[in-house]
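> need coordinates for the below:
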Amino acid sequence: MANKTVKETIHAKGIDISIYTTDFQNEFISLTDIAKYKSDDPTAVIQNWMRNRDVIEFLGLWEGLHNPNFNPLEFEGFRNQAGANAFTMSPKKWIETTGAIGIVSKSGRYGGTFAHSDIA
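Numbers count the residues shown, from 1 in each chain. Alright, predicted model coming up:
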């Protein structure tokens, strides 16, 4: 039996924020929708957020606790670079390099960047 995605929307500070779940235990909240509150370029907001050392450390800690397939060696490399002026990070790069499951990047009409409710 395939997992069915259930989508909902919450309203906060005048914006609609998409949420979805496939297992009714883990909710993923749209970081793209949240970032739209701050800027008309939500991708840049998310990438700037992900450059922060504290954010990278938190994401690595969360993945270490919840993801048996997380790549700690790649994470250490990112952690050591985080916060430097030359450091850049995108959700796609984070997911592909570390095997992360706490952040999901979806393409298409209802796409965007989603984060587990613990992270968002």
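
> residues touching the residue positioned nearest the centre of the chain, list them.
Geometric centre of the chain, nearest residue: Ile103, 3.2 Å, by C-alpha atoms, centre = their mean. With contacts defined as C-beta atoms under 8 Å, 6 or more residues apart in numbering, the neighbours of Ile103 are 31, 59, 91, 94-95, 113-116, 119. (Each C-beta comes from the backbone N, C-alpha and C, glycine too.)

> strands - which of the residues you listed land there?
In this view, those that belong to strands under DSSP state E are 113-116.

> how about the helix with the most length in the chain: buried residues?
Selection of the longest helix in the chain by residue count, based on DSSP state H, yields helix 53-66. Of the residues in helix 53-66, those scored as buried under the neighbour-count criterion (16 or more other C-beta atoms under 10 Å) are 55-56, 59-60, 62-63.

> show me where this structure has its strands.
When assigned using DSSP E, the strands of the chain occupy the ranges 6-12, 15-21, 27-30, 103-106, 112-116.

> which of these has the lowest average pLDDT?
In terms of mean pLDDT, the lowest-scoring of the strands of the chain is strand 6-12 (a mean of 87).

> returning to that earlier point: nearest to Lys38, out of the strands of the chain?
When those are compared by C-beta to C-beta, strand 15-21 sits nearest Lys38, at 10.3 Å.

> for that closest one, packing partners?
In this structure, strand 15-21 makes packing contacts with strand 6-12, strand 27-30, helix 31-36, strand 112-116, judged by 3 or more C-beta pairs under 8 Å, 6 or more residues apart in numbering; DSSP states H and E.

> want to try CSV for those, with distance to Glu76 and mean neighbour count as columns?
Formatted as CSV, the entries for those read as follows, by distance: least, C-beta to C-beta, whole Å; neighbours: other C-beta atoms under 10 Å:
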stretch, distance to Glu76, mean neighbour count
strand 6-12, 35, 11
strand 27-30, 26, 22
helix 31-36, 24, 21
strand 112-116, 21, 22
